[in-house]
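Novice: Give me a model of this one.
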Amino acid sequence: MTIQGWTLILVFVAILIALAKPMGIWLFALYEGRRTPLHTILGPVERGFYKAAGIDPNAEMGWRRYAVHMLLFQLAVLLFTYFVLRFQDVLPLNPRGLAGFSPDLAFNTAVSFTTNTNWQSYSGENLSILSQMLGLGIHNFLSAATGIAIAFALFRGFARREAGGIGNFWADLTRVTLYLLVPICVVYSLYLIASGVPQTFTTSVDATTLEGAKQTILLGPVASQEAIKMLGTNGGGIFNANSAHPFENPSAVTNFVQMVSIFLIGVGLTWTFGKAVGNPRQGWAILSAMMILFLAGTAVIYWQEAAGNPVHHAVGLTGGNMEGKEVRFGVAASALFAAVTTAASCGAVNAMHDSFTALGGMIPMFNIQLGEVIIGGVGAGMYGFLLFAILAIFVAGLMVGRTPEYVGKKIEAREVKFAVLAIAVLPLVILGFTAVASVLPAGLAGPLNKGPHGFSEILYAFSSAAGNNGSAFAGLTAATPFYDGLLGAAMWIGRFFMIVPALAIAGSLAAKKVHPASAGSFPTTGPLWIGLLVGIVLIVGGLTFLPSLALGPIADHFAMTSGQLF
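Specialist: Sure thing, here's the model as predicted:
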């Protein structure tokens, strides 16, 4: 580890903290439905959408109606994407004549992008321009906007008093897309183009190598897809190498900007929550807990990757572990990127996680298994973390001997049951599906490596799918009907079986009175509360996943230190 590496990490955190309030202010305006400077230009567009769809944006929805509208919308765009992928060979904007996807691969990919997972069982180069921009590009915006809309709904549950509604799904979705995601991505795309990222409908260009051979270099509308891929924590790459490809990530500067953009909306939502409940310190407390978890994980990854592989050291290859890493970025930037993308359910990678050391690869996996609540996906990380906050305040209430209260709302049996139900979804899917894949011949045919590392490849895949991350231990061959189907089911369950309980909690809380804090209330803004939040997240994650991690990366680590590689 070096001073330069730690400086990179600390500057990254400092910039995020500085951006939390400005981004939070903009998000709060959208949360309240207030005018922004962009309404002068985009207001008529927003009203035109509502008029064309016959929607009254001021009509409040109860949690059940909010959930039904959201689910029907997700199903509709999933079916649309499935159709585009299946028939891309006969649809326009396919100059390379690429074949349509098989039924199982089209299903897996459509579910993947609908759920903001962006898992890719295919190579990015196998998509036509139409499939990339229309089939998948719309999901990069709409799945991200859906996550933020759900976070807004839960915020209203905590903030409102004896209310029957938690907002309007269509208004939330439209405003977030129109006034947040699209404007930032326009500016972001122009920056990427200026930095050397291609943006063209030309699919390829021929070049002559130094040896005189002809090489075909693929191009495409990369910059526009890259911007929303990062900002919306989507992660799906146009190229198979993802953000290790110089056309997606040309330099160390763009690499840093991409990492900041992955976390940008997530950190802003913490401030928005504090403002919504009338106490910004609540948001800062949540952000502090997230950053403690993030820095701890980043430190372990950096330490392990900088230490390198003892098996390589024994034969004279000293230094950090550079296998699977881009020399343009090195160990520190690769370790930081891995921590960011798995803490934020983004899934973009600038290094191959399968090539990390055993413990260096375990932390990205564990970040996902914690529920991706360390900043998390846009919106999803915040409402996921609030589920842990409900569980933490319930434990605190038991300690002080009174009904637990959080930001003025009494947390009772109904809210705790829904929170536990939502938190339990990921372990059930990850461990259950991993167990199935680890014993069936179709599942065992997937891993490239044997032993504990092969098990880690399977465990990582289902962690990534159920956690809606999208990154992978790339040694797993997942483009099979078995894995396409099972991973697709994991992605759908991991997304929506968590969202619906969160909306139920929002509806329950919105109907309650606000109780002012008293001498017996547990303080939820100080160091004790931050420590409790960190502890609950780690204890729940550790108790749940430690046995499986012991079979995979931990066993792999001890084998590596004894000189055995898989």
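Novice: Helices along the stretch 401-550 of the chain, start to end?
Specialist: Applying DSSP state H, counting those that start in this stretch to the stretch 401-550 of the chain gives helices spanning 413-437, 441-444, 451-466, 481-510, 527-549.
Novice: got the angle between the third one and helix 413-437?
Specialist: This means helix 451-466. Helix 451-466 and helix 413-437 are oriented at 140 degrees to each other (axes from the mean of the first three to the mean of the last three Cα atoms, to 10 degrees).
Novice: Repeat that for the last one.
Specialist: What separates the directions of helix 527-549 and helix 413-437 is an angle of 30 degrees, with the same axes, to 10 degrees.
Novice: So for helix 527-549, what gets flagged as buried?
Specialist: 529-530, 532-534, 536-537, 540-541, 544-545, 548-549 (16 or more other Cβ atoms under 10 Å). Bear in mind the C-beta positions are built from the backbone N, C-alpha and C, glycine included.
Novice: The third one now?
Specialist: Taking 16+ other Cβ under 10 Å as the neighbour-count basis, helix 451-466 is seen to contain the buried residues 452-466.
Novice: next one: the first one
Specialist: When neighbours are counted by 16+ other Cβ under 10 Å, the buried residues of helix 413-437 are found to be 415-416, 418-419, 421-423, 425-427, 429-431, 433-434, 437.
Novice: Contacts only, for N350.
Specialist: Residues counted as contacts of N350 (Cβ atoms under 8 Å, 6 or more residues apart in numbering) are 242-244, 249, 255, 326, 329, 333-334, 337.
Novice: hang on, I meant A338
Specialist: With contact set as Cβ under 8 Å, 6+ apart, A338 has these partners: 301, 349, 351, 353, 356, 360, 363-364.
Novice: rerun that using 7 Å as the cut-off
Specialist: Going by Cβ atoms under 7 Å, 6 or more residues apart in numbering, A338 touches 301, 351, 353, 364.
Novice: SS state for the residue nearest the centre of the chain?
Specialist: Nearest residue to the geometric centre of the chain (Cα atoms, centre = their mean): S345, 1.7 Å. Classification of S345 using DSSP: H, G, I helix; E, B strand; the rest coil returns coil.
Novice: what's the helix or strand for G48?
Specialist: helix 39-53 (DSSP states H and E).
Novice: Contacts for that helix, please.
Specialist: 57, 174, 178-179.
Novice: swap in stretch 367-378?
Specialist: With Cβ under 7 Å, 6+ apart, stretch 367-378 has contacts from 116, 144, 147-148, 232-233, 263, 265-267, 290, 293-294, 297, 339, 342-345, 380-382, 384-385, 388, 423, 426, 430, 463-464, 467-469, 537, 541, 545.
Novice: start to end distance for it?
Specialist: 16 Å (Cα to Cα, to the nearest Å).
Novice: Can you give the distance from it to the centre of its chain?
Specialist: 7 Å (Cα atoms, centre = their mean, to the nearest Å).
Novice: What of stretch 281-293?
Specialist: Remark: stretch 281-293 is offset 18 Å from the chain centroid, using Cα atoms, centre = their mean.
Novice: pLDDT averaged over that stretch - what is it?
Specialist: Per-residue pLDDT over stretch 281-293 has a mean of 96.
Novice: Stretch 106-119 now?
Specialist: 94.
Novice: And for it, what's in contact with it?
Specialist: Against stretch 106-119 from outside (Cβ under 7 Å, 6+ apart): 74, 77-78, 81-82, 85-86, 101, 121-122, 136, 139, 143-144, 147, 233-236, 347, 377, 464-465, 468-470, 484, 487-488, 491-492, 495.
Novice: where do the strands sit along this protein?
Specialist: Ranges of strands in the chain, per DSSP state E, are 204-208, 214-218, 405-406, 409-410.
Novice: in this structure, what spans have low per-residue confidence?
Specialist: Within the chain, no range satisfies pLDDT under 70.
Novice: again, only using 80
Specialist: 399-403, 517-521, 565-566 (pLDDT under 80).
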